[in-house]
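Q: fold the following and give me the result.
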Amino acid sequence: MKHRAILISAALFAACHNPTRTDDPDAFIMRHVETGLCTPVVIEGDSTWTIEERMKHYGVPGMSIAIIDDFKIAWVKSYGVMDSTSSRPVTDSTLFQAASISKPVFTMAVLKLAEMGALKLDDDVNAKLRSWKVPENEFTATEKVTLKRLLGHVAGTTVHGFEGYVPGEPLPTLNQILNGEAPSNSPPVVVDQTPGSKWRYSGGGYCIASQVVLDAKGGTIPQHMDELVLKPLGMSRSTYQQPLPEAWAHNAASGHLPDRSPVKSKWHVYPELSPDGLWTTATDLAHFVIDLQKTIASDSGKVLSRTTAMQMVEPFVEPFAAVGLTIEDKKGQRYFDHGGWNEGFCGWIVGHVENGKGAVILINANQTEFMGEVVRSIARAYDWPEFVPVRKAQPLDSTALDAFTGRYRVGSDDLVTITRSGNKLIRQPLRQEPNTLEHIGDNVFVSRLDERFRKFVKDSIGGMTIRVMDAIDATTYGTLRRMKDDEHIPFEAIERGDRDAAVRAYSALNPTDPAVREEWLNNLGYQLMNEGQVKKGQYIFFVNMQLYPKSANAYDSYAEACLKLGDKEQALVNYKRALSLDPQNTNAARVVAELEKEVIGSAR
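A: Below is the predicted model:
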């Protein structure tokens with residue numbers, strides 16, 4: 001949430017929106033949806049927001065939603081405009097990028113091919129691949145990459161997601177994407193953990209699955225998707241064609257970034273296709289959700305048999321993940337879902353496994369919190385069982401609350417600060433907005449922003465701890481220990497601007513600690529830069545260079561931060577270091593050439 005937590009109890013729910021009873025029950029429940037937006041956890045007495053208010057709050061230009069009830073589309077409605085600079089309204093036929101929701105739709109197609117006998121879900125994919133092979137290494141020595149593992153994100157493959165390409169830029173082939181070769185802007189897809197051992201999201205794995213399909217069947221991914229899923233389900237306003245055909249482009253929404261600015265090229269092109277390439281409407285995706293629900297409930301779907309479809313809603317390796325979808329058990333009520341994020345677009349599908357309730361949300365903005373608020377409003381209006389927790393606050397006096405205040409350690413380089421404001425506790429996670437904790441009894445507190453319980457308990461030596469627990473079965477996720485006043489984590493040196501102290505502090509951590517993994521520090525640096533904290537990001541990149549002096553990427557990231565801060569001299573020095581370590585770094589070569597020209601020009 002964007003609100004300051006100290007104001008949350010007074011201002012967060014200042015507006016109360018209660019729909020007026022009408023003679024039309026459909027209009028009444030629609031009004032409930034449109035006025036019932038709420039936080040992940042509701043405290044009795046909380047009021048709600050309207051769709052209009054929250055679109056304005058988050059800067060979401062347009063949205064299309066489809067509500068599913070009793071295995072049918074209850075209604076579809078669109079809001080706002082196709083782009084922020086025009087007055088063209090979003091309609092129910094407006095196209096949005098589905099982003100990663102492309103994955104479960106593609107999964108249904110692969111499962112259909114398996115039903116037809118064209119593919120084997122549990123065979124080593126290298127036995128089927130002809131035009132490209134998964135590079136064998138120590139991780140694939142005993143366990144193999146299979147289609148089912150690829151679709152379930154447990155094949156050990158790399159590359160989380162893809163940036164896309166500006167329309168008109170050279171587009172890589174699938175083979176170039178898999179190899180990380182120009183003009184691909186993503187690294188090669190490899191296996192770096194044992195297949196089948198654990199879940200890790202991998203769009204790169206879906207690219208491998210695409211290659212398996214193409215080597216087995218020929219043709220193109222858009223053709224196969226049309227034949228296997230889109231046409232059978234009546235998804236007539238959907239396509240995996242990238243770039244989007246000109247005949248369709250006039251009715252496509254334009255994307256908007258997290259800072260609310262429009263995507264300069266309206267949208268990006270995603271040649272990877274299966275993990276991110278679907279253009280669609282809320283109505284079409286509702287047909288997909290309903291068909292899956294009907295297949296599971298009564299074996300009456302149009303694409304898969306119930307036996308095959310069950311793989312998409314049953315745990316596979318991890319309890320929260322199935323093949324192609326994520327799943328959640330809420331006190332015995334089972335839901336499946338999948339979100340999506342492309343440049344300027346987000347989406348979400350969610351459905352109950354058994355009762356035929358669900359929803360589709362598509363927006364032309366990168367504002368996932370807004371989508372959560374809308375889904376929860378739909379869930380409460382249509383009585384989705386156990387979807388939105390409602391708690392009753394039991395206030396404590398200030399003396400009792402003061403016993404819980406302090407800084408609590410989270411691992412080696414994170415902390416959460418607990419303070420008191422009036423008769424409320426305020427939870428301040430590092431680098432995040434603060435939020436209010438509400439006491440619900442027995443020193444257990446909840447935040448409106450997540451469903452976990454936080455119980456304050458003294459340890460064996462009398463020190464205060466926070467026991468973070470599952471709200472359903474009280475499973476303990478972890479225990480946070482209150483820190484001493486003179487105790488610090490490495491990142492606090494970054495916050496106070498002491499770069500050298502930060503290097504010493506991070507260097508003192510165990511080399512196997514996740515907090516000093518090169519990728520983790522690199523991502524942290526970019527997170528800080530994206531939040532406008534460029535200097536802090538630069539310091540993190542500097543730490544990464546000291547810890548990984550042979551990493552071209554560490555120098556490249558530091559150079560980028562230098563350039564953003566206007567230090568072109570240091571940017572040039574470090575881009576050159578990055579290029580010397582990785583001569584294939586075309587971006588570094590381009591920036592070095594540009595900076596050298598600028599230096600020569602200024603010298604004249």
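Q: how about the strands in the stretch 501-604 of the chain?
A: Secondary structure of the stretch 501-604 of the chain (DSSP state E, counting those that start in this stretch): no strands located.
Q: low pLDDT regions in it?
A: The model of the stretch 501-604 of the chain has pLDDT under 70 over residues 600-604.
Q: again, 80 this time
A: Applying pLDDT under 80 to the stretch 501-604 of the chain flags the ranges 599-604.
Q: quick one: the helices in it?
A: All helices of the stretch 501-604 of the chain, identified by DSSP state H, counting those that start in this stretch, fall at 518-530, 534-547, 552-564, 568-581, 586-603.
Q: give the contact list for D486.
A: Contacts for D486 (CB atoms under 8 Å, 6 or more residues apart in numbering) come out as none. Heads up, the C-betas are built off the backbone N, CA and C, glycines and all.
Q: same check, this time on G117
A: If you count contacts by CB under 8 Å, 6+ apart, G117 has none.
Q: one step back: redo the helices of the stretch 501-604 of the chain as a markdown table? Include distance to G180 and mean neighbour count.
A: Shown next, in a markdown table, are those (distance: least, CB to CB, whole Å; neighbours: other CB atoms under 10 Å):
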| stretch | distance to G180 | mean neighbour count |
| --- | --- | --- |
| helix 518-530 | 16 | 17 |
| helix 534-547 | 21 | 23 |
| helix 552-564 | 13 | 23 |
| helix 568-581 | 16 | 19 |
| helix 586-603 | 12 | 13 |
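Q: just checking, what packs against the lowest-mean-pLDDT helix or strand in the chain?
A: One helix or strand of the chain scores below all others by mean pLDDT, DSSP states H and E: helix 586-603, with a mean of 83. For helix 586-603, the packing partners by 3 or more CB pairs under 8 Å, 6 or more residues apart in numbering; DSSP states H and E come out as helix 552-564, helix 568-581.
Q: got those helices as a markdown table, with distance to I29 columns?
A: Converted to a markdown table, the helices and strands packed on helix 586-603 look like this (distance: least, CB to CB, whole Å):
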| stretch | distance to I29 |
| --- | --- |
| helix 552-564 | 49 |
| helix 568-581 | 57 |
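Q: got the angle for the least confident helix or strand of the chain vs helix 568-581?
A: Here helix 586-603 points in a direction 140 degrees away from that of helix 568-581 (axes from the mean of the first three to the mean of the last three CA atoms, to 10 degrees).
Q: who's in contact with helix 586-603?
A: By CB under 8 Å, 6+ apart, helix 586-603 touches 182, 552, 556, 559, 563, 568, 571-572, 575-576, 578-579, 582.
Q: report the two of the residues you listed separated the most.
A: Greatest spatial distance in the contacts of helix 586-603: A182 and K568, 25.8 Å, computed using CB to CB.
Q: quick one: low-confidence residue ranges for this structure.
A: Ranges of the chain meeting pLDDT under 80: 1-24, 599-604.
Q: now do the helix or strand that contains W341: which elements does it pack against?
A: Using DSSP states H and E, W341 falls within strand 333-342. Contacts defined by 3+ CB pairs under 8 Å, 6+ apart place strand 333-342 against helix 102-115, strand 326-330, strand 345-352, helix 368-381.
Q: tell me the spacing between R88 and L449.
A: Separation of R88 from L449 (CB to CB, to the nearest Å): 35 Å.
Q: the more surrounded of these two?
A: Taking neighbours as other CB atoms under 10 Å, R88 and L449 compare with L449 leading, 20 against 15.
Q: just list the residues touching I418, thanks.
A: F404, T405, G406, R407, Y408, L425, I426, R427, Q428, L437, I466.
Q: pick out the most distant pair among the residues you listed.
A: R407 and L437 (15.2 Å).
Q: pull stretch 142-155 out as PDB, backbone CA atoms only.
A: Output of stretch 142-155 as PDB, limited to C-alpha atoms (Å, rounded to 0.1, in the frame of the first residue of the first chain):
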ATOM      1  CA  THR A 142      21.100 -38.300 -12.800                       C
ATOM      2  CA  GLU A 143      17.900 -36.200 -13.100                       C
ATOM      3  CA  LYS A 144      16.700 -35.000 -16.400                       C
ATOM      4  CA  VAL A 145      14.800 -32.100 -17.800                       C
ATOM      5  CA  THR A 146      11.300 -33.200 -18.700                       C
ATOM      6  CA  LEU A 147       8.300 -31.300 -20.100                       C
ATOM      7  CA  LYS A 148       6.300 -31.700 -16.900                       C
ATOM      8  CA  ARG A 149       9.200 -30.300 -14.900                       C
ATOM      9  CA  LEU A 150       9.600 -27.400 -17.300                       C
ATOM     10  CA  LEU A 151       5.900 -26.500 -17.200                       C
ATOM     11  CA  GLY A 152       6.000 -26.800 -13.400                       C
ATOM     12  CA  HIS A 153       9.100 -24.600 -12.900                       C
ATOM     13  CA  VAL A 154      11.000 -27.500 -11.300                       C
ATOM     14  CA  ALA A 155      13.400 -28.400 -14.100                       C
END
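Q: now do the end-to-end distance for stretch 327-340.
A: End-to-end span of stretch 327-340 (CA to CA, to the nearest Å): 15 Å.
Q: ok now it, how far from the chain's centre?
A: Relative to its parent chain, stretch 327-340 has a centroid offset of 16 Å by CA atoms, centre = their mean, to the nearest Å.
Q: check the gap between V457 and T479 for me.
A: 8 Å.
Q: ok, M469 next?
A: Distance from M469 to T479, by CB to CB: 10 Å.
Q: neighbour count: these two, which is higher?
A: Neighbour count, other CB under 10 Å: between M469 and T479, M469 has more, with 18 against 14.
Q: for the helix or strand containing M63, output the C-alpha coordinates as CSV.
A: For M63, the host element (DSSP H and E) is strand 62-69. Extracted in CSV, the C-alpha atoms of strand 62-69 (Å, rounded to 0.1, in the frame of the first residue of the first chain):
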residue,chain,number,x,y,z
GLY,A,62,-7.6,1.1,-18.2
MET,A,63,-9.0,-2.2,-17.0
SER,A,64,-11.2,-5.1,-18.2
ILE,A,65,-12.6,-7.6,-15.8
ALA,A,66,-14.6,-10.8,-16.2
ILE,A,67,-16.5,-12.4,-13.2
ILE,A,68,-17.1,-16.1,-13.2
ASP,A,69,-19.9,-17.6,-11.1
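Q: so what does that strand touch, helix or strand wise?
A: Applying 3+ CB pairs under 8 Å, 6+ apart, we find strand 62-69 packed against strand 72-80, helix 282-298, strand 358-363, helix 368-381.
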